[in-house]
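Trainee: Need a 3D model of the sequence below.
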Amino acid sequence: MSESRFDQLVEDLTRKVANYTSRRGFFARLGAVAGGAMLLPMLPVDRRSSKANAAGFHRYGWTPQTIDTTACNYWRHCSLDGQICDCNGGTLTDCPPGTTLSPSSWVASCHNPDDGESYLIAYRDCCGKSIGPRCGCLNTVGELPVYRPEYSNDIIWCFGAEGSSYHCTIQPIVGKAG
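Mentor: Numbering: from 1, shown residues only. Coordinates of the predicted model:
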């Protein structure tokens with residue numbers, strides 16, 4: 001029974017690798033790769049494309065304004081999918097009485113047409129009462145599916161709050177985007 005040239009080449013290569021490496025070294029490298037892969041989701045997310053989308057919302061039929069905070073096209077509501085707290089007993093930055101602020105949030109970059117700057121907005125849900133009765137908005141430009149939660153506004157972020165029912169969303173400014 002004769003060996004083919006390919007079989008001989010594979011055997012020689014395997015023996016050479018076995019002579020210069022150890023099992024412990026192999027498992028150490030494999031562990032380092034697995035550990036590094038687990039840390040990958042902890043890296044910061046590049047949101048520069050969201051800033052470009054924030055300035056270009058008018059292309060999608062959404063023109064931001066800076067006067068009426070209860071309207072869905074108010075500039076801070078660029079990624080709001082829910083109820084505006086300003087219509088439901090709260091403000092842009094404070095929850096209505098009887099609700100609690102969720103400890104988690106999602107963020108978006110919204111363009112302020114008055115000063116021409118884009119700002120990072122932290123959308124935080126107010127929880128504990130039934131859903132607010134008025135001023136519902138569905139602004140989904142730039143949103144990605146739920147399997148990319150950092151870009152999804154379809155998630156109710158009331159986990160960790162005293163009450164788990166959603167009422168409305170506040171939009172404090174975190175800082176300038178960019």
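Trainee: list the helices and strands whichever strand in the chain runs longest packs on?
Mentor: Taking residue count as the measure and DSSP state E as the definition, the longest strand of the chain comes out as strand 117-127. If you count contacts as 3 or more Cβ pairs under 8 Å, 6 or more residues apart in numbering; DSSP states H and E, strand 117-127 packs onto helix 48-55, strand 100-101, strand 106-112, strand 166-170, strand 173-176. The way it works is simple: take the backbone N, C-alpha and C, and place the C-beta from them, glycine included.
Trainee: Residues in contact with the last one: which ones?
Mentor: Just to be clear, that refers to strand 173-176. By Cβ atoms under 8 Å, 6 or more residues apart in numbering, the residues outside strand 173-176 that reach it are 76, 107, 117-122.
Trainee: thinking again about what came up before, I'd like the next helix or strand past the longest strand of the chain.
Mentor: Scanning forward in sequence from strand 117-127 by DSSP states H and E, the next helix or strand is strand 136-138.
Trainee: quick one on the thing from earlier: partner strands of the longest strand of the chain, parallel or antiparallel?
Mentor: Here strand 117-127 has these sheet partners by DSSP bridges: strand 100-101 (antiparallel), strand 106-112 (antiparallel), strand 166-170 (antiparallel), strand 173-176 (antiparallel).
Trainee: mind checking which helix or strand of this protein has the lowest mean pLDDT?
Mentor: Of all the helices and strands that make up the chain, the one with the lowest confidence by mean pLDDT, DSSP states H and E is helix 48-55; it has a mean of 47.
Trainee: And Ser79, how far from Gly90?
Mentor: Here the criterion is Cβ to Cβ, to the nearest Å. By it, Ser79 lies 18 Å from Gly90.
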